[in-house]
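K.L.:
build the 3D model from these lines:
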Amino acid sequence: MPRMLDIIIRARPDKIAGICLVRSPAKAGKPTGLMNTVRHRARYWRLRGFFTATVEYFAYRWADHLSKKLGTNWMTSARNVARRFGIPYFESTAVNSEDFREMMRQVNANLLVSISVPSLFKKETLETPECGAINIHNGLLPDYRGLMPILWALANGETEVGVTVHYMNEKFDEGSIVAQERAAVDPKDTVHTLEMKLRWDVGPRLLIRTMDDIKAGKATTLPNPAGEGRYFGEPTPEAIDAFRRQGRRVR
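P.N.:
Model (predicted):
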């Protein structure tokens, strides 16, 4: 996420009013923080992938801690990216609170951009910015709604994946489509390599273009009918085993 933010802000440094890191609210009986990360990675990745990703995770955490101690702005967190560019930074667990809406008013945000936000936005929040709210989704809507669209696309033998930017409503992955871009799947691609391709190349480029079009009043939309396309949830262990039997890898 920090690298994607860095790419977008470097391209449009005077257009970003603020950054808000939205954390999932804690739920009773649910693992949170580090234990949730470990549980999630152990479920989907084989030992090598799990080890590699865990080392990367702790390296980022250590670098972020060291960055705070030294007063530097290494690209290890959304907070550091905001600090590097002098952009207001906030954190929230309640995107539908009056505090969140007031934060948008304080920075004069005229467009809300959602990137991997783990919460549903309600109408009052979506309508607070003058130009509305958009979300970036790593699937070619209206197909591949839901969770882990890249994994499911590979599991289904797709030869292309892609990114969709769409206006948001009060349901996940709905709202009119503003822009899409496709990316070819290489036989050697993994879920991880495709995520990096979309997150660091296709996604930022598409999002920058979409924000420019909305600002210029040139954005056009396509329908995203709720009854069309497929919705995918979190894959079961059996689905992951079937995915691997196809010769595909998560990492």
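K.L.:
next, count neighbours for the residue lying closest to Leu111 once chain neighbours are set aside.
P.N.:
Spatial nearest neighbour of Leu111, excluding adjacent residues (CB to CB, 6 or more residues apart in numbering): Cys131 at 4.3 Å. From N, CA and C alone the C-beta is placed, and that goes for glycine too. A count of neighbours around Cys131, defined by other CB atoms under 10 Å, yields 15.
K.L.:
can you check Tyr167 too?
P.N.:
Neighbour tally, Tyr167, other CB under 10 Å: 19.
K.L.:
thinking it is in contact with Ile136, fair?
P.N.:
No: counting by CB atoms under 8 Å, Tyr167 does not reach Ile136; the two are 11.6 Å apart.
K.L.:
re earlier: quick check, the residue nearest to Leu111 in contact with Ile214.
P.N.:
Yes: Cys131 sits in contact with Ile214 when judged by CB under 8 Å, with a separation of 5.5 Å.
K.L.:
intersection of neighbour lists for these two?
P.N.:
Leu111 (CB atoms under 8 Å, 6 or more residues apart in numbering).
K.L.:
mean confidence (pLDDT) on stretch 211-229, please.
P.N.:
The average pLDDT within stretch 211-229 is 95.
K.L.:
swap in stretch 182-189?
P.N.:
On average, the pLDDT along stretch 182-189 is 96.
K.L.:
hey, where'd the helices end up in the stretch 101-250 of the chain?
P.N.:
Taking DSSP state H, counting those that start in this stretch as the test, the helices found in the stretch 101-250 of the chain are 123-126, 149-155, 191-197, 203-216, 237-245.
K.L.:
show me which positions of the longest one end up buried.
P.N.:
By neighbour count with 16 or more other CB atoms under 10 Å, helix 203-216 contains the buried residues Gly203, Pro204, Leu206, Leu207, Ile208, Arg209, Thr210, Met211, Ile214.
K.L.:
send over that helix as PDB, restricted to the C-alpha atoms.
P.N.:
Extracted in PDB, the C-alpha atoms of helix 203-216 (Å, rounded to 0.1, in the frame of the first residue of the first chain):
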ATOM      1  CA  GLY A 203      -4.000   0.300 -10.600                       C
ATOM      2  CA  PRO A 204      -2.200   3.600  -9.900                       C
ATOM      3  CA  ARG A 205      -2.200   4.500 -13.600                       C
ATOM      4  CA  LEU A 206      -5.900   3.800 -13.900                       C
ATOM      5  CA  LEU A 207      -6.700   5.600 -10.700                       C
ATOM      6  CA  ILE A 208      -4.700   8.700 -11.600                       C
ATOM      7  CA  ARG A 209      -6.500   8.900 -15.000                       C
ATOM      8  CA  THR A 210      -9.900   8.400 -13.400                       C
ATOM      9  CA  MET A 211      -9.300  11.200 -10.800                       C
ATOM     10  CA  ASP A 212      -8.200  13.500 -13.600                       C
ATOM     11  CA  ASP A 213     -11.300  12.700 -15.700                       C
ATOM     12  CA  ILE A 214     -13.700  13.300 -12.700                       C
ATOM     13  CA  LYS A 215     -12.000  16.600 -11.900                       C
ATOM     14  CA  ALA A 216     -12.300  17.700 -15.500                       C
END
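K.L.:
list the contacts of it.
P.N.:
4, 7-8, 11-12, 15, 111, 113, 131, 134, 136, 138, 163, 165, 178-181, 219-220.
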